[in-house]
Each structure stands twice: as C-alpha cells, then as structure tokens.
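> What follows is a predicted structure for the sequence shown.
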Amino acid sequence: MKARDTVRARGDPLVRATHPTTFEVTKDMTLTEAGDCIIGVAADKGAADLDPDLRALLRDDRAVLMTRLTAGGETVVVRSRGSAALSLDHPTDLVWRRSDFISDRTVGIRSDRVAVTLPGGFVAALQRGEELVVELEVEIPDDEN
C-alpha cells in the first residue's frame, strides 16, 4: 500500500538549517532567527491537511516515509518512519525528527536527514526564497514471511 501528497512552500532569507535533530515546514508566512529548524514557510498544508490516505498509512509502525525536497534545482531525499502514535493534526506545521519523539506536528521519525545535514546548495536556494516542493510518499512494506 502506498499514498502520496505534495506540499508547496518557499524558502526565506532567514533559513539557517542548523538544527541537529529536526527540520520543519510551516504555513507561517515569516521566519525569525530563532527558527533554526525551519526550512520552508508559507506552506499550503500543515500536518492536518495532508491526504487522508497518507495520514492513515503514516499511523502504522511499519510505515516508511520517503520525502523528496526540491528547491532551486537541488533535490534532497529523506527517509523516515511512521508510527501508530502519530496524531498528524497540527494545523500549520510539519516536522521530521531524527528521534522517536512525537507531537501533533510530527510527520516522520528516525529521519536520516535533519536541518544541519541538508546540502549547502539546497540551503542557499532556500535562503534566496526559492519555491520548496515537498513530495511525501508513504508505503507499508509487504511482509516477506
């Protein structure tokens, strides 16, 4: 089983991408210097707005989330996991986490990329205010037994 959704946002001159454990995309229109995990603002969706099929699949401990981030011709692929504990009901924010911590903003845990590990060229595109396209694809792997 698979489901997909796309979120559109934009970068901001204040994108720092220095957070060591998360990255975030938000519907908020502006960014402050304190937002060191935020890589995209003015998103057209928060966690609660994601496709219902995608949200349902993400709420499975077996779920694998592949997120493709594209800005300024640069693409980064992030691999994360879902969890039965995800609520996915935050109205404005989407957060990917390296840890297993879950809040209403969390869309992926155990992510293999966080803000500080994003490539410099990708971060520079975001700092120029380029459009950020976030493609999410979640899959429940077939049991191999």
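Looks like it arrived, so ask away. Numbers count the residues shown, from 1 in each chain.

> ranges for the strands of the chain?
2-10, 22-26, 38-40, 64-71, 74-81, 93-97, 106-108, 131-139 (DSSP state E).

> so which of the ones you listed comes closest to A48?
Smallest distance to A48 across the strands of the chain (C-beta to C-beta): 9.6 Å, for strand 93-97. The C-beta positions use only the backbone N, C-alpha and C, and glycine is treated the same way.

> What average pLDDT does that closest one get?
Averaging pLDDT along strand 93-97 gives 98.

> Please name every helix or strand in contact with it.
With contacts taken as 3 or more C-beta pairs under 8 Å, 6 or more residues apart in numbering; DSSP states H and E, strand 93-97 sits against strand 22-26, strand 74-81, strand 106-108.

> Which one of the strands of the chain lies nearest to G121?
Using C-beta to C-beta, the strands of the chain put strand 74-81 closest to G121, at 5.1 Å.

> Touching the closest one from outside, list them.
61, 63-70, 96-97, 107-113, 118-119, 121-122, 125 (C-beta atoms under 8 Å, 6 or more residues apart in numbering).

> mean confidence for that strand?
98.

> any idea how far the closest residue to D53 other than its chain neighbours lies from T70?
Closest residue in space to D53, ignoring its immediate chain neighbours: A3 at 4.1 Å, by C-beta to C-beta, 6 or more residues apart in numbering. In this view, A3 and T70 are 19 Å apart by C-beta to C-beta, to the nearest Å.
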